[in-house]
Every structure is written in C-alpha cells, then in structure tokens.
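Student: Whatever this is, show me its structure:
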Amino acid sequence: MSRRLSLRRRLVLGIVALLTAVTIVIGVVSVLALQGFLVARLDKQLIAATSRSQDAFNEHGGGQPEFPDDRPPPSELLNIPGQRTGTLAGVISTESEPQAAVLGEGAEPENLDAAQLVSLAAVPADGQPHNVDLGSFGTYRVVVQKPSASGVSLVVGLSVADVQATVVQLAVLIAVIGLAGVGAAAVAGVLVVRSALRPLERVAATATRVSELPLDRGEVALAVRVPEADADPSTEVGAVGSALNRLLGHVASALEARQASENKVRTFVADASHELRTPLASIRGYAELTRRGNHELPDDVVHAIGRVESESVRMTALVEDLLLLARLDEHSKLETLEVDLGRLVVDAVSDARVAGPEHTWALDLPDEPVVIDGDASKLHQVVANLLTNARTHTPAGTLVTTSLTSSAADAVIEVMDTGPGIDPALVPTIFERFVRGDGSRSRASGSTGLGLAIVSAVIEAHGGRAEVESAPGRTVFRIVLSRRPA
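Tutor: Below you'll find the predicted structure:
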C-alpha cells in the first residue's frame, strides 16, 4: 500500500501544479498570439512585395498573348527597388515550365530546382497567402496571382524563417522564465504552507501531550490546552483548536467526577475495613474462647464454632488486604529503611516451605547482599503473596524457584513455577483487583483476588514495577526494585 502524502505536501504540489498549468496556458497563448501577429505583418510585407513585382510583371506585358516572348524572368521581378533579401518571385504558365528564384545575398537570384518548382506550382492561384515547403530554402509564405488571359500567374513569396525564429525564442524564454517562476513559487509555497500549518502542528502537539497522560487511573490534572492564539473559531485551524479545548474541558470534568467517585469508594472501603476489624476480632475471640472452654458441646456445634473461627480469620485477612490497598491508594508514606532482600527472600521461602510441604521449593541467591531502601514488612508481604499464589494455583510436587539478582541500578526478584500456566486472556489484567486465574490453574483453596493487586500496588509505591510471563510449564512473576532510595 502506497504511503499517503501529508497535507503540507499535497498543498505544495497543488500550488505548483496550478502555477505550472497557468504558466503553460499563458505561454501557449502568448506564442500563438505572437505568431499570429508576425504572420499578419509578414502577409502585409508579402502584399507590398507582390505589388512591386506586379508592376514589373505588367511592364513586360503581363504575359499577354501578343507578348509571348516578353515574359519577365525572375531576375526582373526581384531586382527592383524595395525587394529584400530572401524574396521569392517567379511565373507559372500553363504553356511552359514554371520559373522562380530567390533573391540571395548580394542581390544575386538563386533559381529553384525542379522539385521546389513542383511544390510551388501546387499552390492554389487564388491570390491568398499560403505556406509552402521549398526544401533547402525553408518554408515560404507565397501568393500566386490568378492567371492572366494567357494562363500566366505571378508568384511572390517571403521566408517565414524570421517569424519561426522569433516564435521559438519567445517559447524558450517563456519556458525558462516559467520554470524559474514555478521553482521560486514552490519554495515560497513550502514556506507559506509551513507557516500556515504551524498552528495545526501546535494543536496536534497538544493532542499528543494529552494522549501521553495517564488518564486511566489516579487524580489527573488535565491542564493542557490549545493556546488562545490557535483557538480562534474564525479560522479553520482555530475551529479545530477551539473544539479540542472544549473536548478537553469535558474530559477534565469527567475525570474529576470519576476521581471524586473513586475517592468516595476508597474512603468507604477504608472506613468499612477499619470498622470491621473490631467485630471480626470479637467474633474470632469468642469462637476461640468457646472452643477452648471446658464445656461439653456436641460435635456439630464444635464443628460450627471451628468454621466460624476459620472464616473469621479469612475475613480478617480480606479486610486487612482491603485496608492496605485503600491506604496505598491514598499514597500513604511507606517506612523507608535499609532492607536486605536476600534475608527477606530466605524468610519468605522458609515460611512457604512450612505452609506447603507438598511443593518443591528452591532458592537462587547472589553471593553478595542486595540492600535497598524500602518498607521491609510490605516487601515481605509481596514475596509471600507471590509464593502463596504459586502454592495455591499449582498442583502438589510443582517446583517453585525464587531467585534474586541485582545490577548497579535495580534489584530483581523472580518467582518461577513449573505449573500449568496462566490463561493468556488473564495475563494483561492479572495484577488488577479481584482477578483470579481459577479457570486455568488448579485451585486448592479459596482466593480473594487481591494478592497480586497488593503486589503491584506495593511495588509501584516503591517506584518499581511488577511483571509476569506465563506459558505451560513455566510461569514467572518478576518484581523490579530500584536500588536508589525510594
């Protein structure tokens, strides 16, 4: 598919094409007008030359029958005052061969050859100028007078060489000037079009800056606008800039409304989570007290109390996760201390080995300590969530390898398992809240869908990023942390 031309190029090409067409039309009309003028002037000169030759022709009897041998030769028709060099004169008779000559340099007539005389004899004897090609003599404008009573016609002609040379010179001059003018107009057109489209470029630059803003989340200050000079509705580009400013105003209002709604939801979640902690703790405490008391209770009651206690524990964990996410959404400050990532990973893997002895756990740590500035408890929770995710969504016997690498700028923690992998449709949204991969991975226990969301939120709060790569037999969760202070 051919690449489409830009608006600037189309405008410049249009200007150049229009100027070229106008130049060609002006040139053709000028050349034709000059040619017509010169031919008309040549015809006047031809009539004058014919009149002079007619006088000489009449002095010799005009070719009357009583003067059959007194027919003037071409030299008599040429060597008369007023005849210029290059004039053709002669006689054509129905009784004898035609005779004609051209007045050469030094007033010496040059006779026409047989072929040239044949061409001359073919000219109509109507007294009107006609063009005839006489070979070596070039093209002539010729008048053949009507035959006299004896059938003799006077022939007079003038060369059109000067007319043709003048027309050619004018055509060349117009072509050169036209090409120079079109070239200069093309350069000027580029400058003018570039200047005219500069406001449109500024409008496009504004739209580009807006497209690069993170409008999908968080509080957005959409203060980018098209300058007032480029938003004048009385011009075409200004109309586009004005429309874009109105659109940005509507988008800013929508973003503010969305952010206000999100803030209300976050405040509600944070308040609800905070308020639920106390009753959940009470429920758990009373369940434990009842279970541990010296009371003889039926087995079904003991089972029910155990379920109440376990569910209260799960509910408490969910409330704690929601409260943590709400605090991170509010950009709460993290505790920033030196954290030895190697020790943190060892502790997290040790806890995971105890919680999931049916899995195979492996460690890959560097020889040197990897220390960053961050919140140790939350980073520990991140690694623990990744390990819990691997244990929960992979079958028993799966190898889970936790590795730590570092460079001068970054520290990277990877948790790789050999499980069945994640559904490719879930990979782009795997770090969003309440997203669970139960359809693609085996599910041994319940999941809130908040573990990986907490991972992403905590890592982003540390100025890092969380990534995932998944294929059957190899799934890797990777967190990248800057070794510079967060």
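
Student: For the stretch 251-400 of the chain, give me the ranges with low pLDDT.
Tutor: Under the criterion pLDDT under 70, the flagged ranges of the stretch 251-400 of the chain are 330-332.

Student: any chance you could map the strands in it?
Tutor: With DSSP state E, counting those that start in this stretch, the ranges of strands along the stretch 251-400 of the chain come out as 337-340, 360-364, 371-374, 399-406.

Student: can I get those strands in JSON lines with mean neighbour count?
Tutor: Using the backbone N, CA and C atoms, a C-beta is placed for each residue, glycine as well. Written out in JSON lines, the entries for the strands of the stretch 251-400 of the chain read as follows (neighbours: other CB atoms under 10 Å):
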{"stretch": "strand 337-340", "mean neighbour count": "14"}
{"stretch": "strand 360-364", "mean neighbour count": "14"}
{"stretch": "strand 371-374", "mean neighbour count": "21"}
{"stretch": "strand 399-406", "mean neighbour count": "18"}
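
Student: For the closest residue in space to V39 that isn't next to it in sequence, identify the helix or strand it belongs to.
Tutor: In space, not counting the residues next to it along the chain, V39 is nearest to V163; the distance is 6.2 Å by CB to CB, 6 or more residues apart in numbering. In this structure, V163 is located in helix 161-211 according to DSSP states H and E.

Student: And the average pLDDT for that helix is what?
Tutor: For helix 161-211, the mean pLDDT works out to 89.

Student: tell me what that helix is packed against?
Tutor: Helices and strands touching helix 161-211, as assessed by 3 or more CB pairs under 8 Å, 6 or more residues apart in numbering; DSSP states H and E, comprise helix 7-59, helix 236-292.

Student: Tell me which of these sits nearest to E105.
Tutor: E105 sits nearest to helix 7-59 of all the helices and strands packed on helix 161-211, at 17.5 Å, using CB to CB.

Student: Check which helices and strands the next helix or strand after the closest one is in contact with.
Tutor: Using DSSP H and E, the helix or strand that directly follows helix 7-59 along the chain is helix 74-78. With contacts defined as 3+ CB pairs under 8 Å, 6+ apart, the packing partners of helix 74-78 are helix 7-59, strand 88-93, strand 99-103, strand 109-111.

Student: follow-up on the earlier one: output the helices and strands packed on helix 161-211 as a markdown table; include the columns mean neighbour count and distance to T87.
Tutor: Supplementary listing: these in a markdown table, determined by neighbours: other CB atoms under 10 Å; distance: least, CB to CB, whole Å:
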| stretch | mean neighbour count | distance to T87 |
| --- | --- | --- |
| helix 7-59 | 15 | 6 |
| helix 236-292 | 14 | 66 |
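
Student: Just put those helices in TSV and tack on distance to V480.
Tutor: Below are the helices and strands packed on helix 161-211 laid out as TSV (distance: least, CB to CB, whole Å):
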stretch	distance to V480
helix 7-59	43
helix 236-292	26
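
Student: Could you say which helix or strand holds T475?
Tutor: In the assignment (DSSP H and E), T475 maps to strand 474-482.

Student: State the pLDDT value of S75.
Tutor: Confidence per residue is given as pLDDT, and for S75 that number is 68.

Student: Same check on the one 10 residues further on?
Tutor: We have a pLDDT of 84 for T85.

Student: does it sit in a helix, a strand or a coil?
Tutor: The three-state assignment at T85 reads coil, by DSSP: H, G, I helix; E, B strand; the rest coil.

Student: That one is in contact with E108, isn't it?
Tutor: No. T85 is not in contact with E108 according to CB atoms under 8 Å; the separation is 9.9 Å.

Student: Measure how far stretch 472-486 is from the centre of its chain, please.
Tutor: Chain-centre distance of stretch 472-486: 36 Å, with CA atoms, centre = their mean, to the nearest Å.

Student: Put the alpha carbons of it into PDB.
Tutor: This file holds the C-alpha atoms of stretch 472-486, laid out as PDB (Å, rounded to 0.1, in the frame of the first residue of the first chain):
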ATOM      1  CA  PRO A 472       2.600 -24.100  30.100                       C
ATOM      2  CA  GLY A 473       5.300 -25.500  32.400                       C
ATOM      3  CA  ARG A 474       6.900 -22.100  33.200                       C
ATOM      4  CA  THR A 475       5.300 -19.100  34.900                       C
ATOM      5  CA  VAL A 476       7.500 -16.200  36.100                       C
ATOM      6  CA  PHE A 477       6.400 -13.300  38.300                       C
ATOM      7  CA  ARG A 478       9.100 -10.600  38.400                       C
ATOM      8  CA  ILE A 479       9.400  -7.600  40.600                       C
ATOM      9  CA  VAL A 480      11.900  -4.900  39.700                       C
ATOM     10  CA  LEU A 481      13.000  -2.500  42.500                       C
ATOM     11  CA  SER A 482      15.300   0.400  42.200                       C
ATOM     12  CA  ARG A 483      18.500   0.300  44.300                       C
ATOM     13  CA  ARG A 484      18.300   4.100  44.700                       C
ATOM     14  CA  PRO A 485      16.300   5.400  47.600                       C
ATOM     15  CA  ALA A 486      12.500   5.100  47.000                       C
END
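
Student: Okay, buried residues for that stretch please.
Tutor: Of the residues in stretch 472-486, those with enough neighbours to count as buried (16 or more other CB atoms under 10 Å) are T475, F477, R478, I479, V480, L481, S482.

Student: With pLDDT and distance to L154 added, can I get those residues in TSV?
Tutor: TSV is the format used below for the buried residues of stretch 472-486 (pLDDT from 0 to 100; distance: CB to CB, whole Å):
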residue	pLDDT	distance to L154
T475	94	112
F477	95	113
R478	94	109
I479	93	112
V480	94	108
L481	92	113
S482	88	109
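
Student: Can I get those in JSON lines including distance to D300?
Tutor: Listed next are the buried residues of stretch 472-486 as JSON lines, based on distance: CB to CB, whole Å:
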{"residue": "T475", "distance to D300": "41"}
{"residue": "F477", "distance to D300": "42"}
{"residue": "R478", "distance to D300": "48"}
{"residue": "I479", "distance to D300": "46"}
{"residue": "V480", "distance to D300": "51"}
{"residue": "L481", "distance to D300": "50"}
{"residue": "S482", "distance to D300": "55"}
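
Student: Partner strands of the strand holding T475 and their direction?
Tutor: With DSSP bridges as the criterion, the sheet partners recorded for strand 474-482 are strand 410-417 (antiparallel), strand 465-471 (antiparallel).

Student: Could you measure from L318 over to T278?
Tutor: For L318, the distance to T278 equals 15 Å [CB to CB, to the nearest Å].

Student: Repeat that for E97.
Tutor: The separation that E97 has from T278, given CB to CB, amounts to 139 Å.

Student: which residues does L88 contact?
Tutor: By CB atoms under 8 Å, 6 or more residues apart in numbering, the contact list for L88 reads 100-103, 112, 134, 137, 140, 142, 155-159.
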